[in-house]
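have a look; sequence and predicted model below, questions after that.
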Amino acid sequence: MAPRRSARTAARNATNSATNSVPATDQNIVNGPRVRKPTARYVEFQQSLKKSPKKQFKETNANAPEVDKFMIRLYAEIHAAAVEKITRTDRTAIHDLIRETRTLRFFDLFPTDVAGNLKQTLIDSRPSNNQGKEVVQQARNDLQVSHPERLVSFCKKPNLVILSICAHSQTFRTAIARSVADSKAEKEPLWRDIRSKIGKCASSLELFAKTRSLDWNSAINACNKDFEYLLSSVFQNDDNVADIDQNTFGIGDGDVEETHHPDNVPSHWVLPRKRIEAQRPQFQYDFTEALERHDFWGTAVPGNLNGASKPEIGDAQVALQVNVDECIVVPGYDWSHLPTEANGDPRFAGYKGYACQVCGKKAKATSTKTRSSTRPACSCTPGDLCLQQPLLELFDTGVFGVGVRALQTFKKGDYLGEYIGEIYPRKEQEWRYGGDEGCKYLFPCDIATKTATKKPDKFEVDPGIFGNWTRYINHSCDPNAEYFQTTVSQRIGNFVCAIRDIGFGEDITSSYGQYYFQALKMTCRCGSDKCFHKDKQEDA
Ligand SMILES: C[S@@+](CC[C@H](N)C(=O)[O-])C[C@H]1O[C@@H](n2cnc3c(N)ncnc32)[C@H](O)[C@@H]1O
């Protein structure tokens with residue numbers, strides 16, 4: 001049953017109390033709203049970070065199984081190939097691997113006796129010009145690779161698309177050519193285990209490459225000209241190859257079949273549970289008075305899922321959720337109580353007293369009278385606090401909507417990202433998006449600069465439509481991450497931090513606090529042994 005309005009308000013308060021249980025750091029206590037004393041657990045956690053200063057993120061986790069270590073490197077190298085410039089050596093190695101595969105697959109597509117005759121034609125051919133000699137020799141060499149069955153069978157399962165994506169990883173190129181004996185001697189995972197794991201992650205790898213706009217088609221097509229030559233000169237009189245053109249040379253049915261067809265919007269595609277096309281996440285809400293008042297209709301609502309006419313207050317709406325890299329301060333709200341330096345941005349934390357979480361600097365007082373400063377202490381940004389482009393995927397949990405999964409390892413103490421969304425004042429009984437779903441993402445944050453009243457003031461961070469991946473972090477009663485409200489330079493924000501090491505493939509979770517589910521009349525389904533709601537789950 002849908003929670004009533006009062007229950008939703010309670011849910012909001014519960015989210016609030018969950019946030020209040022997020023311990024405050026020293027810097028947001030000074031001069032800011034009064035927040036609860038840090039819990040013993042938080043103090044212990046902060047101290048443990050001080051004892052072992054934050055280390056650089058390492059690609060591999062010493063305790064992870066060998067195949068997982070391989071997968072971590074595979075995802076990281078595909079990511080790097082997509083976002084950085086590929087070196088000439090790497091490009092040649094990628095093209096070589098794909099060309100070898102297509103040559104071998106070409107012969108594999110014919111019955112054995114026909115393939116035998118075709119190979120003989122290739123071996124016997126004597127091109128007269130230099131270019132021809134080179135192409136023919138290359139094709140002959142392709143037939144001699146040490147691991148032909150691996151290349152050919154990979155085309156059949158998963159397929160040539162996944163091979164071309166994986167070919168962008170040096171680790172993959174080495175692994176596919178490594179013998180069983182060498183794998184054992186070098187303590188590397190066996191090819192059969194790697195292939196089985198890649199098979200299971202095929203859909204994930206394809207979506208991962210697509211959302212980063214990796215251009216694997218160039219690799220597949222790089223040798224088309226050579227194949228054109230082979231077909232037109234070497235195999236020209238053979239009826240068996242009469243129907244084949246250079247594009248299908250070495251490409252069988254299903255070899256380049258793609259599962260997902262997203263456009264180039266990064267990260268906001270949800271990996272489905274089955275091998276079906278990926279979905280863009282959607283947000284359902286009711287058109288509220290607040291939206292009406294702020295002329296929301298007709299502004300940039302992504303997805304155009306509501307039809308053309310302006311909705312009535314209370315009408316159910318659907319929008320696509322999009323990825324934004326920065327919070328958006330919603331225009332049309334009164335922030336006049338903030339100091340002028342805040343420039344209407346409630347995240348402004350003032351120029352004095354707050355140590356930046358990145359560099360630890362505090363602004364020096366420029367006024368002896370008020371002991372306040374008009375100059376910032378540093379120019380750090382949230383990007384300096386958090387890992388750059390952590391490798392993650394959004395996936396359909398099948399139980400409670402979208403979730404987030406790690407595609408790398410994280411160390412305890414790593415900041416993974418900022419909770420990003422639209423920002424507006426927190427007022428009782430009013431939040432931007434209404435309906436049952438309208439408040440599920442709300443995350444309050446303290447306004448750190450002192451206001452006229454003594455009462456702590458807050459703003460909402462609402463990623464209903466505009467937000468980033470952090471909004472999909474699900475609840476667990478035994479979480480591996482937690483939100484901390486902290487200050488970077490002169491801005492306050494909620495940042496998600498790993499509270500223990502997180503392994504490859506692990507769901508990233510945080511705790512919403514004990515009242516969230518009660519208030520929303522929902523049951524926690526985290527499935528953890530430590531679940532506070534376990535009894536209720538069994539009753540349900
Ligand atoms: C902040 S959102 C998390 C992302 C959400 N799964 C989605 O698809 O947008 C919170 C919502 O996720 C679902 N959820 C998260 N953790 C849950 C849990 N442990 N048990 C049941 N539902 C959960 C609930 O619907 C909750 O209102």
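Thanks, I have the structure now.

does residue 103 touch residue 143 like I think?
Yes: the criterion here is Cβ atoms under 8 Å, and residue 103 meets it with residue 143 at 6.8 Å. Any C-beta I mention is one placed from the backbone N, CA and C, and that applies to glycine too.

those two: which has the busier surroundings?
Taking other Cβ atoms under 10 Å, residue 103 and residue 143 do not tie; residue 103 has more neighbours (26 against 14).

could you say which helix or strand holds that one?
helix 88-108 (DSSP states H and E).

how big is the angle separating the helix or strand following that helix from helix 88-108?
Sequence order places helix 112-124 as the next helix or strand after helix 88-108, per DSSP H and E. Helix 112-124 runs at 130 degrees relative to helix 88-108, counting by axes from the mean of the first three to the mean of the last three Cα atoms, to 10 degrees.

do you know the pLDDT at the closest residue to residue 517 other than its chain neighbours?
Spatial nearest neighbour of residue 517, chain neighbours left out: residue 524 (4.9 Å); criterion: Cβ to Cβ, 6 or more residues apart in numbering. In the prediction, the pLDDT value recorded for residue 524 is 93.

what's the answer for residue 424, then?
93.

in contact with it, which residues?
290, 329-330, 333, 432, 459-460, 462 (Cβ atoms under 8 Å, 6 or more residues apart in numbering).

for residue 228, same thing?
Residue 228 neighbours (Cβ under 8 Å, 6+ apart): 245-246.

what strand or helix carries it?
Going by DSSP H and E, residue 228 is in helix 224-229.

so what does the helix or strand just after that helix touch, helix or strand wise?
Of the helices and strands lying after helix 224-229 in sequence (DSSP H and E), the nearest is strand 270-271. For strand 270-271, the contact count by 3 or more Cβ pairs under 8 Å, 6 or more residues apart in numbering; DSSP states H and E identifies helix 202-211, strand 392-396 as packing neighbours.

list the buried residues of the helix or strand following strand 270-271.
Beyond strand 270-271 on the C-terminal side, the first helix or strand identified by DSSP H and E is strand 282-286. Going by neighbour count (16 or more other Cβ atoms under 10 Å), the buried part of strand 282-286 is 282-283, 285-286.

ok, now stretch 490-503?
Buried residues in stretch 490-503 (16+ other Cβ under 10 Å): 490-499, 501-503.

just put the residues you listed in TSV and tack on secondary structure, pLDDT and distance to the ligand.
Output for those, formatted as TSV (DSSP: H, G, I helix; E, B strand; the rest coil; pLDDT from 0 to 100; distance: Cβ to the nearest ligand atom, whole Å):
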residue	secondary structure	pLDDT	distance to the ligand
490	coil	87	28
491	strand	91	22
492	strand	93	20
493	strand	95	17
494	strand	96	12
495	strand	97	16
496	strand	98	12
497	strand	98	17
498	strand	98	18
499	coil	97	17
501	coil	96	21
502	strand	96	17
503	coil	94	20
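
what does the chain put close to the ligand?
Residues of the chain lying close to the ligand (Cβ under 6 Å from any ligand atom) are 400-403, 440-441, 471-472, 474-475, 522, 524-526.

list only those of those residues flagged as buried.
402-403, 440-441, 471-472, 474-475, 522, 524-526.

among the residues you listed, which ones are in helices?
Residues of these located in helices (DSSP state H): none.

looking at those residues, which are in strands?
402-403, 474-475 (DSSP state E).

could you dump the residues you listed into JSON lines and include pLDDT?
Compiled in JSON lines, these are given as follows (pLDDT from 0 to 100):
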{"residue": "402", "pLDDT": "97"}
{"residue": "403", "pLDDT": "97"}
{"residue": "474", "pLDDT": "97"}
{"residue": "475", "pLDDT": "97"}
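
can you tell me which of those residues lies nearest to residue 448?
residue 475 (26.6 Å; Cβ to Cβ).

which SS class is the nearest residue to that closest one once chain neighbours are set aside?
Spatial nearest neighbour of residue 475, excluding adjacent residues (Cβ to Cβ, 6+ apart): residue 512 at 4.3 Å. At residue 512 the chain is in coil, as set by DSSP: H, G, I helix; E, B strand; the rest coil.

tell me the pLDDT of residue 512.
The model's pLDDT for residue 512 equals 93.

and it, how many neighbours?
26.

shouldn't it be in contact with residue 473?
No: in this structure residue 512 lies outside contact range of residue 473 using Cβ under 8 Å: 9.5 Å.

that older thread, turn the contacts of residue 424 into a markdown table, including neighbour count.
Formatted as a markdown table, the contacts of residue 424 follow (neighbours: other Cβ atoms under 10 Å):
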| residue | neighbour count |
| --- | --- |
| 290 | 19 |
| 329 | 16 |
| 330 | 19 |
| 333 | 16 |
| 432 | 22 |
| 459 | 24 |
| 460 | 25 |
| 462 | 26 |
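
output those residues as TSV; include the columns pLDDT and secondary structure.
Shown next, in TSV, are these (pLDDT from 0 to 100; DSSP: H, G, I helix; E, B strand; the rest coil):
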residue	pLDDT	secondary structure
290	87	helix
329	94	strand
330	91	coil
333	88	coil
432	88	coil
459	92	strand
460	93	strand
462	95	strand
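
just flag the most distant two among those residues.
Across the contacts of residue 424 (Cβ to Cβ), the longest gap, 14.9 Å, separates 290 and 329.
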